[in-house]
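**Q** Next comes the sequence, and after it the predicted model I'd like to discuss.
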Amino acid sequence: MITTLAGGVGAARMLRGLLAAYGDVPHSAVVNIADDEVVNGLAVSPDIDTVIYTLAGANDDTRGWGLQGETWQAMESLRRYTTSAGRADLGWFNLGDRDLGTHLYRTSRLAEGASLSAVTAEMTAAWNLDVRIVPVTDDHIATRLTTADGELAFQEYFVREQHGVAVSGVRFEGADAAHPAPGVVDAIANAEVVVIAPSNPIVSIGPLLAVPGVRDAVVARREHTVAVSPIIGGKALKGPADRLLVELGHESSALGIARIYRDLAAVLVIDEQDAALAPEIEELGVRCVVAPTIMSQPGVAASLARAVVEAVR
């Protein structure tokens, strides 16, 4: 079994490559839910949905999120009312018309008492995916970011503010009291290979490791764990990972990623652009593998997946 610790877009593309390269191997994905939000009464799980849609071939790769062929009539209607009522607090988070079905189903099932992991399994089956996708926990956890103007929920920071404000601290509300969802620890403990996807190490992988028992499970499998750097040439391909790293006192480089993951992963895969950093990474006790890591095409993702898995096999 291959188990992947996953955030959003980068993780989804990594999983797509892993499934293409190792389709005959069972796959599990432990997914971040600290980005989840209730939007206009609907339970939205952005990372879970991005993983499901991408593996189903239905994701809009141009935006990196949501469904292909999306329309926005419901949002246009909502904004008519919010503009008239002067409710700027509503309507800033876009939900596409096709995407609404996902959130309506999730919200209804949670209201009936189903766990998030059970609902996610039902949704995965509905898309005919041959992979186990499980939220890291069924309990409430939420990323909170400290800014000069106060604390923001993740989606307020990422969507409303377009991740354009400086961050001085990050905490994961509820994580200390959370429990891993059923099967999460076993998926890590029993995996032949554990992959830390090229997701934001602070706000995508960080919440997974904050749930008691998850970090310990990964540390115990360190010799079978390989991480993929989300930083290439000092920059993040998408999102605010590079800025967050610097703002929180880390180095925005593949070497900085190696320092964060050195106790978790025996191997770090870095992009060819960062090959010169390999000796310094290996001085940390982390074996370095250099490969093309920009997954612009499925074939590149599959090639990267083979490099990742064979690095610890």
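**A** Perfect, I can see it now. Numbers count the residues shown, from 1 in each chain.
**Q** so where do the strands sit in the chain?
**A** 2-6, 27-31, 37-39, 42-44, 132-135, 142-147, 150-153, 169-173, 193-196, 225-228, 231-232, 235-236, 267-270, 287-290 (DSSP state E).
**Q** need the ones you listed in JSON lines with distance to residue 300, mean pLDDT and mean neighbour count, can you?
**A** Heads up, the C-betas are built off the backbone N, CA and C, glycines and all. Output for the strands of the chain, formatted as JSON lines (distance: least, C-beta to C-beta, whole Å; pLDDT from 0 to 100; neighbours: other C-beta atoms under 10 Å):
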{"stretch": "strand 2-6", "distance to residue 300": "17", "mean pLDDT": "97", "mean neighbour count": "27"}
{"stretch": "strand 27-31", "distance to residue 300": "19", "mean pLDDT": "98", "mean neighbour count": "28"}
{"stretch": "strand 37-39", "distance to residue 300": "32", "mean pLDDT": "93", "mean neighbour count": "16"}
{"stretch": "strand 42-44", "distance to residue 300": "30", "mean pLDDT": "96", "mean neighbour count": "19"}
{"stretch": "strand 132-135", "distance to residue 300": "23", "mean pLDDT": "98", "mean neighbour count": "24"}
{"stretch": "strand 142-147", "distance to residue 300": "30", "mean pLDDT": "96", "mean neighbour count": "20"}
{"stretch": "strand 150-153", "distance to residue 300": "34", "mean pLDDT": "92", "mean neighbour count": "14"}
{"stretch": "strand 169-173", "distance to residue 300": "31", "mean pLDDT": "97", "mean neighbour count": "17"}
{"stretch": "strand 193-196", "distance to residue 300": "16", "mean pLDDT": "98", "mean neighbour count": "28"}
{"stretch": "strand 225-228", "distance to residue 300": "13", "mean pLDDT": "97", "mean neighbour count": "26"}
{"stretch": "strand 231-232", "distance to residue 300": "13", "mean pLDDT": "96", "mean neighbour count": "23"}
{"stretch": "strand 235-236", "distance to residue 300": "18", "mean pLDDT": "92", "mean neighbour count": "16"}
{"stretch": "strand 267-270", "distance to residue 300": "13", "mean pLDDT": "97", "mean neighbour count": "25"}
{"stretch": "strand 287-290", "distance to residue 300": "14", "mean pLDDT": "96", "mean neighbour count": "19"}
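**Q** For these, give me TSV that also has distance to residue 309.
**A** Converted to TSV, the strands of the chain look like this (distance: least, C-beta to C-beta, whole Å):
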stretch	distance to residue 309
strand 2-6	7
strand 27-31	11
strand 37-39	34
strand 42-44	32
strand 132-135	17
strand 142-147	29
strand 150-153	36
strand 169-173	29
strand 193-196	5
strand 225-228	8
strand 231-232	20
strand 235-236	24
strand 267-270	10
strand 287-290	11
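**Q** is residue 44 in a bridge, and if so with what?
**A** Taking DSSP bridges as the rule, residue 44 bridges to residue 37.
**Q** wouldn't it be in contact with residue 65 here?
**A** No: contact criterion C-beta atoms under 8 Å: residue 44 and residue 65 do not qualify, at 10.8 Å.
**Q** for the chain, which spans come out with low pLDDT?
**A** Across the chain, nothing is flagged by pLDDT under 70.
**Q** Now do the helices in it.
**A** Using DSSP state H, the helices of the chain run over residues 9-21, 46-55, 73-85, 100-111, 116-126, 154-155, 184-189, 205-210, 214-220, 241-247, 254-261, 278-283, 298-310.
**Q** can you list contacts of the shortest one?
**A** Right, helix 154-155. Surrounding helix 154-155, the residues in contact under the criterion C-beta atoms under 8 Å, 6 or more residues apart in numbering are 34-35, 37, 39, 46, 93, 142-145, 203.
**Q** Go again with 6 Å.
**A** 35, 37, 143 (C-beta atoms under 6 Å, 6 or more residues apart in numbering).
**Q** residues in contact with the closest residue to residue 18 other than its chain neighbours?
**A** Nearest non-adjacent residue to residue 18, counting by C-beta to C-beta, 6 or more residues apart in numbering: residue 305, 4.4 Å away. Taking C-beta under 6 Å, 6+ apart, we find residue 305 in contact with 17-18, 21.
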